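Student: Need a 3D model of the following:
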Amino acid sequence: MMQIGLQFDPRGKNDIEALLADFTRAEAEGFDSIWIGQVFEHDILTLFALAGLRTKRIELGTSVVPLPSRHVTTLAQQALTTQLASGNRLCLGVGSGHEAILDRKLGLPADRPLGRTREALEILRPLLRGEYVKYAGEFERVKVDVPITGVEPPPVILAALGPKMIELANELADGVSLVFAGAGFVDAHVRPRLADSARIVASVPVAVTHAGTAIEALIDQYTAPSMALPPYQRTMAAQGLERVSQLAILGDEKTVEAGLVSLESSGATDLNPILVSGAADPDCAERTRAFLAERATQQRCSGD
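Tutor: Residues are numbered from 1 along each chain as shown. Predicted coordinates for the structure are as follows:
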């Protein structure tokens, strides 16, 4: 059963009470999870710790925190503190980061992402388990523990689209976070490289709409900054696609339901949907949200 999440974009929203109300609303609607990417505004783990005090059930997932952007010990501290505040509802999504951000914006090394990610995960996972870590690698050196007791180690999922990163996720993480990867890509390139128990969190556009052409154009406009990044370009090329709208699950309710079933059949365990609205269909995002919330609620009721 594919879990139905909701993607939040808190950028430009500075009313903390309104932000936290978004979390309680999503939980009340029946969503299984909330996913937020770490960019340059709110610190997502801090926001999740606050939201954890206002909610009771919904999973809180980072999608994703770039590993090079904060020391692995700091990340472990933040994650375990969020676990404490939320009652163990964090899913810690991490990634190697993009060169355009690490090098050009932060002045951080962006070479050899596979090796750097491996070392970070080899330290992070035992720290999250409360273990003392003594590690001397090519990129990382630590002698430390993070003694936050009374919490469970959160699941860790890795942003992975290439075969080597997916295989690393299979070795050192609990699953993968995918962006712009449709059912065919998951079935052919991701699921075969992962254990049966691994989570596959798929982030694709979803829209219940009759204004298909206009919403497709809006999807492509919204995702254009991401499509400037080489990893996403390679992923799209591997699917024989040029525009993100071409992999969108889009149409009337029956068509969208069929698309979700296909994505689930490919091996995706979680949906992290990209929602948009525009002048041609200003209610598209809310309509889609209501459709997904109903599906999530029905699944949960059938599983109880």
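Student: Going by C-alpha atoms from here, please, whenever you check contacts or count neighbours.
Tutor: Will do.
Student: before we move on, what SS does residue 176 have?
Tutor: strand (DSSP: H, G, I helix; E, B strand; the rest coil).
Student: Please tell me how far it sits from residue 252.
Tutor: Distance, residue 176 to residue 252, by CA to CA, to the nearest Å: 29 Å.
Student: These two: which has the busier surroundings?
Tutor: residue 176 (30 against 15; other CA atoms under 10 Å).
Student: which residues pair with that one across the strands?
Tutor: Beta-bridge pairing for residue 176 (DSSP bridges): residue 158, residue 200.
Student: Wait, it touches residue 168, no?
Tutor: No. Counting by CA atoms under 8 Å, residue 168 is not a contact partner of residue 176; they are 9.8 Å apart.
Student: Following the chain onward from the worst-scoring helix or strand of the chain on mean pLDDT, which element is next?
Tutor: When each helix and strand of the chain is scored by mean pLDDT, DSSP states H and E, helix 99-102 comes last, with a mean of 78. Remark: after helix 99-102, the chain's next helix or strand is helix 113-128, criterion DSSP states H and E.
Student: looking just at contacts, which helices and strands does the helix or strand harbouring residue 80 meet?
Tutor: Element membership for residue 80, per DSSP H and E: helix 72-86. Where contact means 3 or more CA pairs under 8 Å, 6 or more residues apart in numbering; DSSP states H and E, helix 72-86 is packed against helix 44-54, strand 90-95, helix 113-128.
Student: Find the residue at the geometric middle of the protein.
Tutor: Taking CA atoms, centre = their mean as the criterion, residue 63 is the residue nearest the geometric centre of the chain, at 3.0 Å.
Student: Surely that one and residue 91 touch.
Tutor: No. Under the criterion of CA under 8 Å, residue 63 makes no contact with residue 91, lying 9.0 Å away.
Student: three-state assignment of the residue nearest to residue 51 when sequence neighbours are not counted?
Tutor: Among residues not flanking residue 51 along the chain, residue 20 sits closest, at 5.7 Å (CA to CA, 6 or more residues apart in numbering). Following three-state DSSP, we place residue 20 in the helix state.
Student: can you pull the contacts of residue 20?
Tutor: Shown in contact with residue 20 (CA atoms under 8 Å, 6 or more residues apart in numbering): 50, 51, 54.
Student: With residue 50 as the reference, measure out to it.
Tutor: 8 Å.
Student: likewise residue 34?
Tutor: Distance of residue 34 to residue 50, computed by CA to CA: 14 Å.
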